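**Q** pasting the sequence and the predicted model now:
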Amino acid sequence: MSNGTQLGIVDSSHFRPESVEIGVGHSLEIFNGSTNHGTGRETGNTVLFRNSGGEQRGSKAIYNAPDNSFSFTLGIDNFRLEDGYQGDPPTYATVTFSAARVAFGDNYRLADAAGLKLAFSKVEKGLREAGIKVDLAQAFLTRLDITKNVLTEENPKDYFPMLRTLPCKLKDEAKYAGSLAWGNGQQSVSIYDKRAQMVFKKRSVINIPNTIRFEQKFLKREKVKAYLGFDTGLDLINNLDHAEKRYKDSMEKNILKLNVIDYEITTAQQFVDELNALKSIHNYAVSSYLLLRGYQAIANSEASFLAAVEEVSGNKMAVWRAKKKLHELKMESMSLETPLKNKKSSSKLYEELKNKVLS
């Protein structure tokens, strides 16, 4: 723990082992393909695996650990078969788990290299006991979630109005309060209130501090390899420092790309543009807008708001009136359940998150 962050960075992951051995006494659940009852022809079946008991045909085989901490899937590969392809379709195998949950029992704490090694050992042991032998160190990474917990000085919900103003593609998710995300099929970014997520999933939040999680997900093997420059489970263990650096580079490039001064200028310009648009319609709209935005400015960017009023009005009296109205609204806000006077400006909240995520 340093500077208000938890730095263990690996969360969920999918591994595709190159070789799999299935024992005779395995615990796999086998699913068969469909049968055309008119012709009796079976479709969607292949040879899933062979062992000393012979060959096992089907469309998919799965094993879920009793505590649901990891799973194993063996099935028909979904790559496009060329016309005229002869023989059984090829298969793939995937091991899926959260390194943190396997190593520590929950996924709030994040796994470092030692946690990864422990998780690998536990998953391989559990699979052996189920009659399945894999080597995760040599398995290919087909999905990797790199995550950072940011322990916030304020309630996490106070940061999301500011985060929504950032010049990036993040959009609200409907799953639970305080959740923003962006993705394109190859990768995604999520920013969410970790406590709110745990409550949503009916997990205990006792002793869990205020935390915003910044999470980057690489959803394809090609993306993992291209962006991080490595391929296997062993590569990941040996190159966590590099993965962390690339994570920070991505967060700075795509999410937290403004410095504090640029953020304040961007916020002020937003006020100016909106005020000018309203002024061209009717001065009454400006007055109504001032009340609304002024009230929001108490908790966000009061200085930027007043600077925008001065630029649009061109006189100090309008600034004085706006400042007086803000003071009146501040007094009214003291009756609220959470007094706004205790909140930081948006630029201060942005500065805090930027420093912690990129530390």
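**A** Here it is on my side, so go on.
**Q** from here on, contacts and neighbour counts on C-alpha atoms
**A** OK.
**Q** would you map the helices across the stretch 201-350 of the chain?
**A** For the stretch 201-350 of the chain, the helices defined by DSSP state H, counting those that start in this stretch occupy 221-228, 233-238, 240-254, 260-279, 283-299, 302-313, 316-333, 346-357.
**Q** I meant the stretch 51-200 of the chain, not that one.
**A** Per DSSP H, counting those that start in this stretch, the stretch 51-200 of the chain carries helices over the ranges 99-104, 113-129, 160-163, 194-200.
**Q** need the winner for burial among the ones you listed.
**A** Most buried of those, by mean neighbour count (mean count of other CA atoms under 10 Å): helix 99-104, with a mean of 23.
**Q** check which helices and strands that one sits against.
**A** On a contact count with 3 or more CA pairs under 8 Å, 6 or more residues apart in numbering; DSSP states H and E, helix 99-104 meets strand 10-16, helix 113-129.
**Q** pLDDT-wise, which helix or strand of this structure ranks last?
**A** strand 5-6 (a mean of 53; mean pLDDT, DSSP states H and E).
**Q** just to revisit the earlier point, least reliable of the helices of the stretch 201-350 of the chain by average pLDDT, please.
**A** Of all the helices of the stretch 201-350 of the chain, the minimum mean pLDDT falls on helix 283-299 (a mean of 58).
**Q** in this structure, spot the strand with the most residues.
**A** strand 140-151 (DSSP state E).
**Q** restricting to C-alpha, output that strand in CSV.
**A** Extracted as CSV, the C-alpha positions of strand 140-151 are listed here (Å, rounded to 0.1, in the frame of the first residue of the first chain):
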residue,chain,number,x,y,z
PHE,A,140,-1.4,-18.7,-23.5
LEU,A,141,-3.2,-15.6,-22.1
THR,A,142,-6.4,-15.2,-23.9
ARG,A,143,-7.9,-12.5,-21.6
LEU,A,144,-6.2,-10.4,-18.9
ASP,A,145,-7.7,-7.8,-16.5
ILE,A,146,-5.2,-5.3,-15.1
THR,A,147,-6.6,-3.4,-12.2
LYS,A,148,-5.8,-0.8,-9.6
ASN,A,149,-7.7,0.0,-6.4
VAL,A,150,-7.6,3.7,-5.5
LEU,A,151,-8.5,4.4,-1.9
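**Q** give me the angle between it and helix 346-357.
**A** 130 degrees (axes from the mean of the first three to the mean of the last three CA atoms, to 10 degrees).
**Q** average pLDDT for strand 140-151?
**A** Averaging pLDDT along strand 140-151 gives 93.
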